[in-house]
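Student: coordinates only, sequence not included:
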C-alpha cells in the first residue's frame, strides 16, 4: 500500500491541483511555458513563427530584433547575429513544439529552451490555455 501510494503521488497531486484550480479559478504554476528559439534571420524567424502558429502549438510568438551572439561551434568561437522567438504555450506542448521546430529549422542543432511560467496575469494565462488545444 505504501509503495503504491508513493508511485501514485504525482498523479494524485496533479489531479488535486487541477481540481483546486477548476473550483477556485487559480493558476497552477508551470502549466504554461515560454520557449526561446534563435533563428538566423528575420525571414526564417517569421516562417518558423507562422508554422508554429499554423500548427496551434502556441498562443503567441514574439519576434525580437537582432541580437549579437558568441558561442562555441565545433571547437571554434563563433560570433553572429540572431533573431529570438519567444513562444508562449502550454507546458504539455513543449515536446511537440521542440520536435516540430527541429524538423523545420535550418540550424543543425537549433536552440530550443523553455522555462515554466510561475505566475502572471490570470486572464492572459487563461487566454493561452484557450488558444492552445489540449493534448
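Tutor: Right, received. Where do you want to start? The structure presented is a predicted model; accordingly, all values stated were derived computationally and were not measured.
Student: residue ranges with poor pLDDT in the protein?
Tutor: Residues of the chain meeting the criterion pLDDT under 70: 13-18, 20-22, 24-25.
Student: helices of that one, start to end?
Tutor: Here the chain has its helices, by DSSP state H, at 2-24, 42-54, 94-104, 122-131.
Student: got JSON lines for those helices, with distance to residue 116 and mean neighbour count too?
Tutor: (Glycine included, C-beta is placed from N, CA and C.) Shown next, in JSON lines, are those (distance: least, C-beta to C-beta, whole Å; neighbours: other C-beta atoms under 10 Å):
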{"stretch": "helix 2-24", "distance to residue 116": "14", "mean neighbour count": "10"}
{"stretch": "helix 42-54", "distance to residue 116": "18", "mean neighbour count": "16"}
{"stretch": "helix 94-104", "distance to residue 116": "9", "mean neighbour count": "15"}
{"stretch": "helix 122-131", "distance to residue 116": "12", "mean neighbour count": "14"}
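Student: could you break this protein into its assigned domains?
Tutor: For the chain, the TED database gives the domain ranges 1-29, 31-131.
Student: mind listing what the residue nearest to the spatial centre of the chain touches?
Tutor: The chain has residue 35 as the residue nearest its centroid, 3.6 Å off, counting by C-alpha atoms, centre = their mean. By C-beta atoms under 8 Å, 6 or more residues apart in numbering, the contact set of residue 35 is 58, 85-87, 89, 94, 97-98, 112-114.
Student: likewise residue 128?
Tutor: Applying C-beta under 8 Å, 6+ apart, the residues near residue 128 are 32, 59-60, 88-90.
Student: mind running it again at 6 Å?
Tutor: By C-beta atoms under 6 Å, 6 or more residues apart in numbering, residue 128 lies in contact with 32, 59, 88.
Student: do you know how far the nearest residue in space to residue 86 that is not next to it in sequence is from residue 73?
Tutor: Of all residues not flanking residue 86 in the chain, residue 62 sits nearest, at 4.1 Å (C-beta to C-beta, 6 or more residues apart in numbering). Using C-beta to C-beta, to the nearest Å, residue 62 is found at 26 Å from residue 73.
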